[in-house]
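A.B. asks: Sequence and predicted structure below; questions after.
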Amino acid sequence: MSRPFTFQVVEPGGTRPLQLDVVRVYNLGFTIRDPEKMQAHLDEIYKHGLSELKIDRPPIIFPISVWATITDDEATVQYEKTSGEVEIVTIDDGSGELYVTVGSDVTERELETSNLAGQRNVRWSKQVAPNVVAPTVWRWQDVAAHWDEVTIHSTIIDGDRTVEYQRAGVDEFWTPPEMRASIDDRVTPVAGAKILFSGTVVSLAGELCFGRTFIMSLRDPVLGRTI
């Protein structure tokens, strides 16, 4: 099943629409270069009861239903313990052109740590809440030369409480081409556009934080622009 998406490409000459027929969405994990920083994020979610994740060869790949991926500003979730996490999003247009933006894997944490039929429900927890991707994108070729200077950020607002939640350089992760290449011999090839979420970093406080508003951003100080 595929689904049409329309993105706005911001490039040096202006803005143009990008219409894609997206056939696959994947959440990737274990894409952080520093093993200690990767473990710090895992420890953060283990505190909430998730069993230890083990993988022989990164990345860990969670297929996400295309219908569960949105570009909306608002989303409905089922439980209070649902949280977002800022991620780099790589978009392959299906013909080899890459685009980058920011997104959030929204996870229902109670389901993630529940045990049904003897199985932890990490995959299910990523399907009942949406994966949110920003509707604005940059061409990879426009940012590739200075990519390591780009940063990701997130903030949580809950009532009158505002918390800077995450902050990291994208150089802590694999590059978008590396993420795209990482699935080539791991999933069945399908023609069409694909969206890949990078995984995330530990929060600044080292604890999961919940709130009604989640703000995420991708910032390019060289070109002076933000998604």
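C.D. replies: All right, it came through fine. Numbers count the residues shown, from 1 in each chain.

A.B. asks: Would you mind confirming that Thr155 makes contact with Ile215?
C.D. replies: Yes - here Thr155 reaches Ile215: they are 4.4 Å apart, a contact under Cβ atoms under 8 Å. Using the backbone N, CA and C atoms, a C-beta is placed for each residue, glycine as well.

A.B. asks: show me the contacts for Glu149.
C.D. replies: When contacts are counted by Cβ atoms under 8 Å, 6 or more residues apart in numbering, Glu149 touches 169, 220-222.

A.B. asks: What of Leu196?
C.D. replies: By Cβ under 8 Å, 6+ apart, the contact list for Leu196 reads 25-26, 28, 89-92, 179-180, 183.

A.B. asks: Which of those sits closest to Ile64?
C.D. replies: Ranked by distance to Ile64 (Cβ to Cβ), those are led by Val25 at 4.2 Å.

A.B. asks: beta partners for that closest one?
C.D. replies: Going by DSSP bridges, Val25 is paired in beta bridges with Ile64, Ile195.

A.B. asks: Repeat that for Phe5.
C.D. replies: Beta-bridge pairing for Phe5 (DSSP bridges): Leu20.

A.B. asks: so what's it up against?
C.D. replies: 19-20, 22, 71, 193.

A.B. asks: so which of the residues you listed comes closest to Val202?
C.D. replies: Proximity of the contacts of Phe5 to Val202 was ranked by Cβ to Cβ; the top entry is Thr71 with 26.5 Å.

A.B. asks: With Asp148 as the reference, measure out to the closest one.
C.D. replies: For Thr71, the distance to Asp148 equals 27 Å [Cβ to Cβ, to the nearest Å].

A.B. asks: what do you get for Val86?
C.D. replies: Val86 is 17 Å from Asp148, by Cβ to Cβ.

A.B. asks: between these two, who's got more neighbours?
C.D. replies: With neighbours defined as other Cβ atoms under 10 Å, Val86 and Asp148 compare such that Val86 has more, 25 against 11.

A.B. asks: Tell me, please, the helix or strand in the chain that averages the lowest pLDDT.
C.D. replies: None of the helices or strands of the chain scores lower by mean pLDDT, DSSP states H and E than strand 119-120, at a mean of 46.

A.B. asks: Tell me how many other residues surround the nearest residue to Thr71 once chain neighbours are set aside.
C.D. replies: Among residues not flanking Thr71 along the chain, Pro135 sits closest, at 4.2 Å (Cβ to Cβ, 6 or more residues apart in numbering). Pro135 has 16 neighbours, counted by other Cβ under 10 Å.
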